[in-house]
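K.L.:
would you be able to build a 3D model of this:
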Amino acid sequence: MSGYKKAFRKAFPYTIPVLTGYLFIGIAFGVMYAEKGYSAWWAILMSVLVYAGSGQYLAVNFFVPGISFLQVVFMTLMVNIRHIFYGLSLLDKFHRMGKKRWYMIFALTDETYSLLCTTKIPEDVEGDKFLFAIAVLDQSYWVIGSFIGGVMKSVLPIHTEGIEFAMTALFVVIFIEQWMEKKNRIPALIGIVGAVICLQIFGSANFVLPSMLCITFVLFISGKCFEEVGICR
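P.N.:
Here you go, the predicted model:
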């Protein structure tokens, strides 16, 4: 147990940037969820058992008449399909973590993935416990934020118009950071062009799924070509 305490103590400073983001975005989710008439405890339960970030924001709109089960499955898959590639790149690392690997797979979000890939494990901490601590801390921030948001909405007259843009704003920031750090910006340009084309063809209400399919398809078929000509490095 002392090994875990040390791991959590060492991991916490690395997760502070996630804390600042997840706490406020979790609050926004809790407010949105409470607006649908659910208690803060349901927001906590969803953040504990689902914990899907943008998928949870999307799920808020599923609790309305007219949404079919197939629509829920397909939309959730397309929004979180990137996690499949995250997991593939961490298979070896997770395999060495024993039973904890099941939680690590479940708790793999964009920000957690970034920390797992870039954070250097301290020499005086067991690697699997350190990575486990990062994942648990990140989820705890989201759960706490969801609870605070749910409680705030139930006791305060919060005007929620536009609050759903919080998750969009987070991804815009992530995109800008990636754009500034990466030398190869072709995948980002493919994403932008694909989204703009689908927006023009399908309209603002229906362009999300076609653009996701288009971008995924183009990246899939073009990745090998880019590597052969030396563009992707």
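K.L.:
next, K120: secondary structure please.
P.N.:
Applying DSSP: H, G, I helix; E, B strand; the rest coil to K120 yields a three-state assignment of coil.
K.L.:
next: the one 10 residues further on.
P.N.:
Applying three-state DSSP to F130 yields a three-state assignment of helix.
K.L.:
neighbours of it, how many?
P.N.:
23 (other C-beta atoms under 10 Å). Placement of C-beta: from N, CA and C, glycine included.
K.L.:
let me see the confidence value for it.
P.N.:
On the pLDDT scale, F130 is placed at 93.
K.L.:
is it in contact with K10, as I believe?
P.N.:
Yes - the pair F130 / K10 is scored as a contact, 6.3 Å apart, by C-beta atoms under 8 Å.
K.L.:
give the residues shared as contacts by these two.
P.N.:
Listed as contacting both F130 and K10 by C-beta atoms under 8 Å, 6 or more residues apart in numbering are P122.
K.L.:
quick check: next helix or strand after the longest helix seen in the chain?
P.N.:
Ranked by number of residues, the top helix in the chain under DSSP state H is helix 2-35. Once the chain leaves helix 2-35, the next helix or strand it forms, by DSSP states H and E, is helix 40-49.
K.L.:
same question for that next one, mean pLDDT?
P.N.:
The average pLDDT within helix 40-49 is 88.
K.L.:
would you mind pulling up the elements that it packs against?
P.N.:
Helix 40-49 sits against helix 2-35, helix 54-60, helix 127-155, with contacts defined as 3 or more C-beta pairs under 8 Å, 6 or more residues apart in numbering; DSSP states H and E.
K.L.:
the nearest residue to K100 once chain neighbours are set aside: neighbour count?
P.N.:
Leaving aside its sequence neighbours, K100 sits nearest to F132 (C-beta to C-beta, 6 or more residues apart in numbering; 5.1 Å). Look at F132: counted by other C-beta under 10 Å, it has 21 neighbours.
K.L.:
so who does F132 touch?
P.N.:
4, 7, 97, 100, 103-104.
K.L.:
ditto for V143
P.N.:
V143 neighbours (C-beta under 8 Å, 6+ apart): 26, 44, 47-48, 51.
K.L.:
the closest residue to it other than its chain neighbours: neighbouring residues, count only.
P.N.:
Excluding the flanking residues, the one nearest V143 by C-beta to C-beta, 6+ apart is S47, at 4.5 Å. When counting by other C-beta under 10 Å, one arrives at 27 neighbours for S47.
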